[in-house]
Structure formats: C-alpha cells, structure tokens
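Asks: I'll drop the sequence and a predicted model, then ask my questions.
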2 protein chains.
Amino acid sequence: MPSQGRRERAREERRRLIVQTARELAEAEGWEAVTTRRLAEKVDYSQPVLYSHFPNMTAITTAVALEGVEELTVALGEAEGLREVAAAYLRFAEEHPALYEAMFVRRTDLSFGSDETPAALIAAFGEIRQAVEPFARDGVDVETLTEVFWSALHGQATLNHTARLRPDHLQARADILVTLLTT
Amino acid sequence: MPSQGRRERAREERRRLIVQTARELAEAEGWEAVTTRRLAEKVDYSQPVLYSHFPNMTAITTAVALEGVEELTVALGEAEGLREVAAAYLRFAEEHPALYEAMFVRRTDLSFGSDETPAALIAAFGEIRQAVEPFARDGVDVETLTEVFWSALHGQATLNHTARLRPDHLQARADILVTLLTT
DNA sequence: ACTGAATCCTAGCATCGCTAGACAATCTAG
DNA sequence: CTAGATTGTCTAGCGATGCTAGGATTCAGT
C-alpha cells in the first residue's frame, strides 16, 4: 500500500502545520487570538479538520507546549554550570513568552508527576538537576533542591513577563538566585 | 438629600455582593465558571446590572484580587520572621487558590510598577521585605532580594497548585528556600 | 466503472462578553 | 398631589467562542 504511506505522511505534515501555525499565531498575538476559526483560516482548512487531528483546542496547545519543552531542553543542554543554566532558562522564557505560557502556565494535558510524563519533560528537568547537583548541601535531597531552584526560576520568569517586577534588575535577580545556591 | 445617601449605600452594598459572589463562585468552581450570566443569576439581577458597577468582567476579578491582597497583607503581618512569612504566604496560596490566581496569575487591571499601584499591594510587598531585610548580605539591594524571594515563593505556589511538583516535599521546599536565604 | 471508505465543508448549537432600547420605579419641583 | 425628569432594571440581540452533525466530494481497491 504505497498510498497508505503517502496519506499518513500527508496527515502527519498537516498536523505539524497546525501546530506550527498555532504557535506562530500565539507568539504574534497571544493565546487569546488562537481560536479554532482563525487557526483554521490560517492553515486554509475548515474548523472540523482541526478536530480530525486533535480532540480539542487544548490538545493543540499541549502539542505546542511539548515542542517548547524539547527546545528548552536543548537550550539548557548547551549551558554549562548553574549560572548559565539559569540565564538560558530565563532567556528562553523571555524570548518565547507564548511558548513558555503554554508549557508552564496555561492548563494543558501535559502530565507532570505521573508515568505518562513525556520524556522531553523529564529530560528538561534532568538538565536543571545536573546543574544543581554540585551545590547540594549536607542532607538536602537533590530532587527537592532542583524543584526549589526551578520554582524560583519559574517565579521570576512569570512575574517578569506580567510586569510585576522591576524590568531593570532582571539580571540582578538571576545573579542573586544563583549566588544563594552556590555559596 | 437623605435618599441620596441611602441609594449610594444600596449601590455600595450590591457592589460588595457582586464581588463576594464572584469570589465564592471562583473558589467553588474555578474562574472559568465565573461568567456574566451565572454571576448575574447568583446575585439575582440581570447581566446589565453588573455593567452598571464594573466596566467589564476583568474589573470584577480585579476587585476580587484586591480583596485578596488585603487579606494576604494581614496574614503576612501576623507572621514573625522569614520562615513564618514564607509559610503564611504558601498557606494562603494553597487555601485560596482562586483568589491567588486572580491576584498574581490572571491578567487584571492591577498595576504593579506604577504610581497607581494600590496601597494594599505595596503593603503586602512591604511585609515580605521586612522579613527579608535582616538577611540582606553585603552589597545586595534589599528591594531586589525581596523580589527574588517573592518570585521563589510565587513559583512554588503556582507549580504546587498546577500539580507540577511532587505534592509531598511541599514543606521541604519551603524549608530549603528559607535556609538558602538565612545561612 | 463501481463501491466503500476516507476526507472535507456548510450549517448550526449552546455559550461567551457586552450593549441598545424599552419599560418601571423613584425622586424633584411646582 | 401631580408632572416631568432621573434612575434603575430587564428583555432581546450582536458578534464572537468551542465544538459537532450531516451531507457532499474525492479517493482507493477491485
């Protein structure tokens, strides 16, 4: 069945088109602009086509989020040491605000604590953990310390983005956080 | 004009009724359940009445958020020392998730960095700052350090709530954060 | 060429935030 | 005490939203 393969390939490609378009639309105009109608119009199909690929709208944002997690993992992997990891994390959140929002702020179908947690998500956490490990003191669990560090980064990322912290001092905040852990 | 006062009082009371009902509805069923229709039905008025008190729906959530900030300030004020402040903050977020979401996650009309920043918001930040101050090292700006600490708390609060961190270890994470600052 | 399956669209449902316009209640002035 | 103006409130409706049913169209295998 040669056409079987072609069909599946076409489906796969169209799925990617949908996800990518959703992402672009979100980064250009925010997630509230990503509606089924606008998205369908942009990919030049009707709305029901979206539903032949995804069960609902949030599944689309979940797909976008997953893409983001993979890219974040790469970005963190290229960073050396805790300071660079922190910088890379915050830079990623700042450069891709809509993506970051899908990953860690909006409600998605991404499972975090369970067996179905995507490998990409575990990998990203592993990158942070690796950077944190050398600074684990005495009897402190590395896993927990990593959660603390990640939470602190996440807090800065979200509060920065929603204009709840002073825009300057952005770098200073990152520095202080790293210093707290490393000294 | 005696009736003038009575009318205003009635208006004021109804406004409070709207805000309180919105808050209850949000805490009971989440903010997505707080629609103009459901809210109007609950307060036993028609939708346009809401708009005679608030310009739009987000203004209602802003009013709820402001209430929350005031209550948070009280809760933090009763806490002594950094450890208790952290505990009080995280407890507040956990016990009033919808309220917390309105305050620091959802988009509202609350202004954070400007001259129109509500006094309650400044007061809440001041409570945290007061607890952080004794632990400001060397040349570190207290204001910035407070932002770092608040961000870290906020990160834990939100990631806890959205089930992105291990539910046990909740206390351990708070402890580690405080220890990082105080040693 | 024919049949069955896969694909896609039009049209529509219930619900959303928000508003215009009509009606009723209340207050002010003579 | 009544006439007119003001205020309060509702019904009805607009343009959107996410999502789905049903029929038309295209394609695959025989």
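Replies: That came through, no problem.

Asks: only C-alpha atoms from now on, for both contacts and neighbour counts.
Replies: Will do.

Asks: check which helix or strand covers A:L25.
Replies: A:L25 is part of helix A:2-29 when elements are defined by DSSP states H and E.

Asks: elements contacting that helix?
Replies: Packed against helix A:2-29 by the contact rule (3 or more C-alpha pairs under 8 Å, 6 or more residues apart in numbering or on different chains; DSSP states H and E) you find helix A:36-43, helix A:57-78, helix A:97-104.

Asks: mind listing what's buried in it?
Replies: Using 16 or more other C-alpha atoms under 10 Å in any protein chain shown as the test for burial, helix A:2-29 gives A:14-15, A:18-27.

Asks: any idea of the angle it forms with helix A:97-104?
Replies: Orientation note: helix A:2-29 sits at an angle of 110 degrees relative to helix A:97-104 (axes from the mean of the first three to the mean of the last three C-alpha atoms, to 10 degrees).

Asks: now do helix A:2-29, average pLDDT.
Replies: Helix A:2-29 carries an average pLDDT of 85.

Asks: and what of stretch A:89-101?
Replies: 98.

Asks: rewinding a little: as CSV, the helices and strands packed on helix A:2-29 with distance to A:D141 would be great.
Replies: Listed next are the helices and strands packed on helix A:2-29 as CSV, based on distance: least, C-alpha to C-alpha, whole Å:
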stretch, distance to A:D141
helix A:36-43, 45
helix A:57-78, 22
helix A:97-104, 23
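
Asks: out of the ones you listed, which is the most enclosed?
Replies: Highest mean neighbour count of these: helix A:97-104, a mean of 22 (counted as mean count of other C-alpha atoms under 10 Å in any protein chain shown).

Asks: other SSEs contacting it?
Replies: Under the contact criterion of 3+ C-alpha pairs under 8 Å, 6+ apart, helix A:97-104 touches helix A:2-29, helix A:57-78, helix A:81-95.

Asks: relative to B:N56, which of those is closest?
Replies: For those, proximity to B:N56 was assessed by C-alpha to C-alpha; helix A:2-29 is nearest, at 21.3 Å.

Asks: now do that closest one against helix A:36-43, angle only.
Replies: Helix A:2-29 and helix A:36-43 are oriented at 120 degrees to each other (the same axes, to 10 degrees).

Asks: so which helix or strand of chain A has the lowest pLDDT on average?
Replies: Every helix and strand of chain A was ranked by mean pLDDT, DSSP states H and E. The lowest is helix A:2-29, at a mean of 85.

Asks: now do it against helix A:57-78, angle only.
Replies: Relative orientation of helix A:2-29 versus helix A:57-78 (the same axes, to 10 degrees): 80 degrees.

Asks: spell out whether helix A:2-29 and DNA strand C are in contact.
Replies: Yes: using C-alpha under 7 Å from any atom of the strand, helix A:2-29 reaches DNA strand C at A:7-8, A:11.

Asks: take those and write them to CSV, including distance to A:I176.
Replies: Formatted as CSV, the residues of helix A:2-29 next to DNA strand C follow (distance: C-alpha to C-alpha, whole Å):
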residue, distance to A:I176
A:R7, 54
A:E8, 51
A:R11, 48
